[in-house]
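>>> structure for the following, please:
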Amino acid sequence: MAKRMDDLPEIRKQRKLLPLNDPRVTSLVLTVLATVWVVVSFLVVSNAMYRWTSLAVAVSLLATAIIVYLRYNPSSSIHKYHTAIVETLLRSEAIPLAILDRTGQVVEMNEASSRMLGYQRTEVIGEPIMRMIDPGSRSQLQESLDGALGGETNQSNINITHRSGFPLELQVVCSPMIQDEVVIGTVMISHDLSDRKRNVERIRYMAYYDDMTGLPNRTLFQIKLTESLLRAKEEQQLVGICYLDLDRFKLVNASFGREFGDMLLMQVAERLNRGLAEQDFVARMEGDEFALLLNSIQTEEQLLDHSRNILKSIEEPYELKGFPIHITASIGLVTNFNDQDDGYTLFKKADMALVKVKESGKNDCLLYSESWSNSSFERLTLQHEMYRAIQRSEFILHYQPQYDLVSGRMVGVEALVRWKHPVRGLLSPGTFIPLAEESGMIVQIGDWVLQEACRQNKEWQDAGLPPIPVSVNLSIRQFLQHDLASRIAEVLETSGLDPKYLDLEITESMTIDVGHVSRCLLAITDLGVGISVDDFGTGYSSFHYLKNFPIDRLKIDRSFVRDIQQDPSDAEIVAAIIAMAHNLNIQVIAEGVETEEQMEFLRKHHCDEMQGFFWSPPVSSENIEQMLKAG
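Predicted coordinates for the structure are as follows:
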């Protein structure tokens, strides 16, 4: 009995320590290894394809661990789950799985494999796997199978034919299937690469091609243009760009509908592809605009000839809804004559040439000329900088004093906008106002001028300075706005300025629409704001609206004042304007007075007020403040 008790610790030690070749140890090691592999796959591996491969290897290791454990531990509690595990793997649609014997025949396959290949499970079992493999991939798969039978796990990409006949590209992992320490077959896990490749190709197509016409889009055109320019620079070759726009295409959409407009664009795209050399390229940029990249031309004259042929092909009749349709196109052309131009610059030049064709009557082609460069690019740059100036508050106001010709006292100021350009310095209105009118930004600038002038005038008054009216010029775009009176009222309320200290100047060109002018001027005068007519004498309807519109003051244009001493006709016109205005109880102010002789002439003919460089040029608000303090 004592001997048995002495032997008990040794027995316990034997039970705690398991030999390394014990199936449970092997199964545990494989399970731990599979777990570590999964962790490494998701935390270390970033490439999706490699991560999937690592996961497939981990699944193989885990399946081997289960088989080893169940095979050598039939009495284990997990043995009762063997059938359920196997059936679950066979029903799985997550990962295609197939079991092959040593000869390469299919022993078993799951539902995912069956669905991927298009075969029923019963049709494949017992058949050699090589029957479905493309001949070009058979040797590669055989190497993988041989490696698995040698105890190695390996991966390869193979081509296989779906039952319906279309090809599949698979990534397969072949792992050995071991029983009693003998490899009895191969576990083959597959992944279909075809879907991924199709998705990648679809994404690429959407990024670089136009869905409707099938032509390359703007992005791909720019890429090809950059490549062509680099090659042309190295090989001293000529590259031509044709930027094409269909004339009056909106009329087609309006007449037949967008669907038929799209059909017309597809026919145009087909015609543009006709006769293109292999190295040439056509793209749809947007809407009804197309671009051609011609690498096969030798001279600019060839580029013009090719463009004329394109215009002829587009002029050939089309048929929409049974009606014959005739359309034309305009083309702007440019070449890489200046090898310093990049793709963006060249395309902008082609666009400029296209605009000039449109302005000249359409249905023609025009080659870009370097003589356009400075003025056009300057205007484009200035327009962009003007938009930025509005956002950054780069505009300031100067004020030109207005004087009573009898007393010589300052009786008002005219607000004149200046642009404090960060690079070019202080810019006068003539530099940017015409472009602002053309682009529509004059409305934003004009609104700011009105707000700032009212705010500044109220500030002068709050400082105890003598109250005087401030004159603000209205642009025609502002004047045509239907809510102008309400916007003026809002500015006055915000600034707190009394309406009688605001004077708005309009030009004769604004008075063409008599009905709108009458309504607008009456609404403004109802607020208590004064109305002046600027540049009087340069229009054609002056005398008519003087009698019918509520006008308080006329400003004689500087062109008449300038020559009143030299030109008797101008002197008579100025005298007549003053006399007529006084007969209508309208005040008169002359602008552009630069000499004492001009001032004396105006005083002699009883002109009420004047402004000009003779007494003061436009000055800053601080200078006006000093003038008002001085009286």
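>>> which residues touch residue 311?
328, 329, 331, 363, 364, 365 (C-beta atoms under 8 Å, 6 or more residues apart in numbering). Backbone N, C-alpha and C define where each C-beta goes, glycine included.
>>> am I right that it is in a helix?
Yes: assessed with DSSP: H, G, I helix; E, B strand; the rest coil, residue 311 lies in a helix.
>>> quick check: buried residues in stretch 139-152?
141, 144, 145, 147, 148, 149 (16 or more other C-beta atoms under 10 Å).
>>> just stretch 583-596 next, same as before
So for stretch 583-596, counting by 16+ other C-beta under 10 Å, buried means 586, 587, 588, 589, 590, 591, 592, 593.
>>> would you state the helices of the stretch 151-300 of the chain in chain order?
194-208, 218-235, 249-256, 258-273, 300-315 (DSSP state H, counting those that start in this stretch).
>>> hey, least reliable of the ones you listed by pLDDT?
With a mean of 75, helix 194-208 has the lowest mean pLDDT of the helices of the stretch 151-300 of the chain.
>>> so how far is it off the chain centroid?
23 Å (C-alpha atoms, centre = their mean, to the nearest Å).
>>> and the angle from it to helix 218-235?
Comparing the axes of helix 194-208 and helix 218-235 via axes from the mean of the first three to the mean of the last three C-alpha atoms, to 10 degrees yields an angle of 80 degrees.
>>> other residues contacting helix 194-208?
167, 168, 169, 216, 217, 219, 220, 223.
>>> mind putting those residues into TSV with distance to residue 499?
Shown next, in TSV, are these (distance: C-beta to C-beta, whole Å):
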residue	distance to residue 499
167	82
168	82
169	80
216	61
217	56
219	56
220	60
223	60
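>>> hang on, the earlier thing: could the helices of the stretch 151-300 of the chain go into JSON lines alongside distance to residue 571?
Below are the helices of the stretch 151-300 of the chain laid out as JSON lines (distance: least, C-beta to C-beta, whole Å):
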{"stretch": "helix 194-208", "distance to residue 571": "71"}
{"stretch": "helix 218-235", "distance to residue 571": "62"}
{"stretch": "helix 249-256", "distance to residue 571": "54"}
{"stretch": "helix 258-273", "distance to residue 571": "62"}
{"stretch": "helix 300-315", "distance to residue 571": "57"}
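>>> for residue 555, which of these is the nearest?
helix 249-256 (42.6 Å; C-beta to C-beta).
>>> which strands or helices does that closest one pack on?
helix 258-273 (3 or more C-beta pairs under 8 Å, 6 or more residues apart in numbering; DSSP states H and E).
>>> now for the helix it packs on, which elements pack on it?
Using 3+ C-beta pairs under 8 Å, 6+ apart: helix 258-273 touches helix 249-256, strand 281-286, strand 289-294, helix 300-315, strand 318-320.
>>> which other residues reach that helix?
By C-beta under 8 Å, 6+ apart, the list of residues contacting helix 258-273 reads 212-215, 244, 246, 249, 252-253, 282, 284, 288, 290, 292, 310, 313-314, 316, 318, 320-321, 325, 327.
>>> show me which of the residues you listed are buried.
Buried among these (16+ other C-beta under 10 Å): 213, 215, 244, 246, 249, 252-253, 282, 284, 288, 290, 292, 310, 314, 318, 320, 327.
>>> helix/strand/coil for residue 108?
Quick answer, by three-state DSSP: residue 108 is strand.
>>> would you list the phi and psi of residue 337?
phi -60, psi -40 (degrees, to the nearest 10).
>>> report the contact partners of it.
238, 300, 370.
>>> test my guess that the last one contacts residue 340.
Think residue 370. No: Residue 370 lies out of contact with residue 340 (C-beta atoms under 8 Å); the separation is 11.7 Å.
>>> helices along the stretch 501-631 of the chain, start to end?
514-526, 542-548, 558-562, 568-583, 596-604, 621-630.
>>> other SSEs contacting the first one?
Helices and strands touching helix 514-526, by 3+ C-beta pairs under 8 Å, 6+ apart, are helix 484-495, strand 530-536, helix 542-548.
>>> deepest of the ones you listed, which one?
strand 530-536 (a mean of 22; mean count of other C-beta atoms under 10 Å).
>>> list the neighbouring strands of that strand plus their orientation.
strand 502-507 (parallel), strand 553-556 (parallel) (DSSP bridges).
>>> can I get it as CSV, trimmed to CA atoms?
Extracted in CSV, the C-alpha atoms of strand 530-536 (Å, rounded to 0.1, in the frame of the first residue of the first chain):
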residue,chain,number,x,y,z
GLY,A,530,-32.8,111.5,-55.4
ILE,A,531,-32.4,110.6,-59.0
SER,A,532,-29.7,112.0,-61.4
VAL,A,533,-29.1,111.3,-65.0
ASP,A,534,-25.4,110.7,-65.7
ASP,A,535,-23.6,111.4,-69.0
PHE,A,536,-26.5,113.5,-70.2
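>>> relative to helix 514-526, how tilted is that strand?
Using the same axes, to 10 degrees, strand 530-536 lies at 130 degrees relative to helix 514-526.
>>> touching, residue 100 and residue 188? I think so.
Yes: here residue 100 reaches residue 188: they are 6.1 Å apart, a contact under C-beta under 8 Å.
>>> any residues in contact with both of those two?
residue 129.
>>> more neighbours: those two, which one.
Between residue 100 and residue 188, residue 188 has the larger neighbour count (other C-beta atoms under 10 Å), namely 27 against 22.
>>> ok, now how distant is the residue lying closest to that one once chain neighbours are set aside from residue 521?
Closest residue in space to residue 188, ignoring its immediate chain neighbours: residue 98 at 4.7 Å, by C-beta to C-beta, 6 or more residues apart in numbering. For residue 98, the distance to residue 521 (C-beta to C-beta, to the nearest Å) stands at 89 Å.
>>> same question, residue 160
84 Å.
>>> higher neighbour count, the two?
Counted by other C-beta under 10 Å, residue 160 and residue 521 do not tie: residue 521 has more neighbours, with 23 against 20.
>>> ok, that one - contacts?
Here residue 521 is in contact with 531, 549, 550, 551 (C-beta under 8 Å, 6+ apart).
>>> kindly report the same for residue 469.
Residues near residue 469 by C-beta under 8 Å, 6+ apart: 411, 412, 413, 457, 500, 501, 502, 503, 530.
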